[in-house]
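J.: here's my sequence, what's the structure:
(one chain, ligands or ions: 1)
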Amino acid sequence: MRVRIEGVELHHVRLRLKEPFETSFGVERDRECLILRLEGDGLQGWGECVADAWPGYSYETVGTAWHVLTEFFVPRLLGQRFDDVEALEALLAPYKGHPLAKAGLQMALWDLLGKAQGRPLAEMLGGERRRVAVGVSIGIQPDIMSLVETVERYVELGYRRIKLKIKPGRDVEEVRAVRHAFPDMPLQVDANSAYGLEDTPVFEAMDDLGLLLIEQPLAEDDLVDHSLLQQRLQTDLCLDESILSARHARQALDLGACRVINIKPARVGGLREARRLHDLCRERRAPLWCGGMLETGIGRASNLALASLPGFTLPGDISASDRYFEVDIAEPRFTLNDDSTIDVPQGAGLGVRVDLEALKAHTLRTWTSGGASSRGGRATPGWR
Ligand code: NPG
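T.: Reported below is the predicted structural model:
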């Protein structure tokens, strides 16, 4: 069934996090992102572009995504008919980079097509599980005692896999203390590219702590040094920021730069490329898990659908809705089951309903194009 894209709306949203989230690249107190709405044939498709307010994790920001979407991507899309997502991927292929912006738009088209076909996203992607194993990612805490207490709090809530953020000077002692307090807990660490090969002793010191994996220790553009580091360690390295496509994943595995892959659909330009990456890892029997970027309920629904594919063998960074924001913009809220899993949405498309009041209350600026509301593009006046 073909759907004609008649209108596109962008919402620049800011949601207050329940607690600040500190990583090696900085502290987040609010989460900003773009929420996209596609209109066609009387249906609406929602997507989330996870570019943040500032270029910490990625060079993309809400500002760059706004620019490429309004100036280039949306004008190509309007008035076109789609019966699959492949056509959108092909339409955007000539534009270099900007995977987060492309992925947000693609998510909205998956949702729209799913609604048009009456099929849940998980089924469209080839998902098999009804619930997926999840863990929680814990930011850098003010001191070791509060770190151990924070881990304890999440363990009491039922999370059975913990990821700790680390940075130079806040690593070995912290991880050792948590390991001591939770000897059997599946535990992993994430450095977000904060180290160099000269820091190898730091990772050697963690090598006997029974970690599930060490995520992205070195620079994102450096597969070679990752392979040198992996040779020195028993613990599996996992790459996140370094893997921008299925091709990168193949090269990283071939080079021995990592043994485990983290998939974030946004980082690789959308769910279609994420599925190719999944297929590659499955073929290679490389352990795989779904990362998270502090998504709203919209992006979380998409991650849950993806993680229902059979190649995801490790728990994802997909926590319950109440771990992130006081107020979310999508319903229903996701809750943690007793076995540290979250149910995969079963409704058509993403399977969530956007709370328009909450969306409006958290929107800083909007832009509409096509549809009944305007012709050309129109942005909220007065936004700074
Ligand atoms: O539960 O969504 C979550 C957070 C998981 O730690 C997490 N994400 O580096 O992987 C990361 C980190 C992140 C957060 C990256 C925000 C980008 C933005």
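J.: point me to the residue of the protein nearest the ligand.
T.: Closest approach between the chain and the ligand, counting by Cβ to the nearest ligand atom: residue 292, at 2.5 Å. Every C-beta, even on glycine, is put in place using the N, C-alpha and C of the backbone.
J.: hey, where'd the helices end up in the protein?
T.: Along the chain, counting by DSSP state H, helices occupy 62-68, 74-77, 86-92, 99-117, 121-125, 144-157, 172-181, 200-206, 223-232, 246-255, 271-284, 297-307, 356-361.
J.: neighbouring contacts of the first one?
T.: By Cβ atoms under 8 Å, 6 or more residues apart in numbering, the surrounding residues in contact with helix 62-68 are 10, 12, 32-34, 49, 51-53, 95, 98, 100-101, 104, 367.
J.: from the residues you listed, list the buried ones, please.
T.: 10, 12, 32-34, 49, 51-53, 98, 100-101, 104, 367 (16 or more other Cβ atoms under 10 Å).
J.: mind telling me the two of those farthest from one another?
T.: 52 and 367 (18.4 Å; Cβ to Cβ).
J.: surely the residue of the chain closest to the ligand touches residue 317?
T.: Yes. Look at residue 292 against residue 317 with Cβ atoms under 8 Å: they come within range, at 3.6 Å.
J.: enumerate the residues of this structure near the ligand.
T.: Selection of the chain residues close to the ligand by Cβ under 6 Å from any ligand atom yields 23, 52, 57, 137, 190, 192, 240, 291-294, 317, 319.
J.: what's the domain layout of this protein?
T.: 3-118+353-381, 123-343 (automatic domain parsing).
J.: rank these by pLDDT, which is bottom?
T.: With a mean of 93, domain 3-118+353-381 has the lowest mean pLDDT of the domains of the chain.
J.: what's the neighbour count on the nearest residue to residue 234 once chain neighbours are set aside?
T.: Leaving aside its chain neighbours, residue 234 sits nearest to residue 207 (5.4 Å; criterion: Cβ to Cβ, 6 or more residues apart in numbering). For residue 207, the neighbour count with other Cβ atoms under 10 Å is 13.
J.: biggest strand in the protein, by residue count?
T.: Assignment by DSSP state E gives strand 7-23 as the longest strand of the chain.
J.: how far out from the middle of the chain is it?
T.: 13 Å (Cα atoms, centre = their mean, to the nearest Å).
J.: how about it as PDB, C-alpha atoms only?
T.: Provided in PDB are the C-alpha atoms of strand 7-23 (Å, rounded to 0.1, in the frame of the first residue of the first chain):
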ATOM      1  CA  GLY A   7       2.800  17.200   5.300                       C
ATOM      2  CA  VAL A   8       5.800  17.200   7.600                       C
ATOM      3  CA  GLU A   9       6.100  18.800  11.000                       C
ATOM      4  CA  LEU A  10       9.200  19.200  13.200                       C
ATOM      5  CA  HIS A  11       9.100  19.800  16.900                       C
ATOM      6  CA  HIS A  12      12.200  20.800  18.800                       C
ATOM      7  CA  VAL A  13      11.600  19.400  22.200                       C
ATOM      8  CA  ARG A  14      13.300  19.800  25.600                       C
ATOM      9  CA  LEU A  15      12.600  17.300  28.400                       C
ATOM     10  CA  ARG A  16      14.100  17.600  31.900                       C
ATOM     11  CA  LEU A  17      15.900  14.400  33.000                       C
ATOM     12  CA  LYS A  18      15.000  13.100  36.400                       C
ATOM     13  CA  GLU A  19      18.700  13.200  37.300                       C
ATOM     14  CA  PRO A  20      21.700  14.700  35.500                       C
ATOM     15  CA  PHE A  21      23.500  12.100  33.400                       C
ATOM     16  CA  GLU A  22      27.300  12.500  33.300                       C
ATOM     17  CA  THR A  23      29.500  10.800  30.700                       C
END
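J.: centroid-nearest residue for this protein?
T.: For the chain, the residue nearest the mean C-alpha position is residue 292 (3.5 Å; Cα atoms, centre = their mean).
J.: list the contacts of that one.
T.: With contact set as Cβ under 8 Å, 6+ apart, residue 292 has these partners: 137, 264, 300, 303, 316, 317, 318, 319.
J.: before we move on, back to that, now the common contact residues for residue 292 and residue 317.
T.: Common neighbours of residue 292 and residue 317 (Cβ under 8 Å, 6+ apart) are residue 137.
J.: about what we covered before: which strands or helices does the longest strand of the chain pack on?
T.: Counting by 3 or more Cβ pairs under 8 Å, 6 or more residues apart in numbering; DSSP states H and E, the packing neighbours recorded for strand 7-23 are strand 26-40, helix 62-68, strand 363-370.
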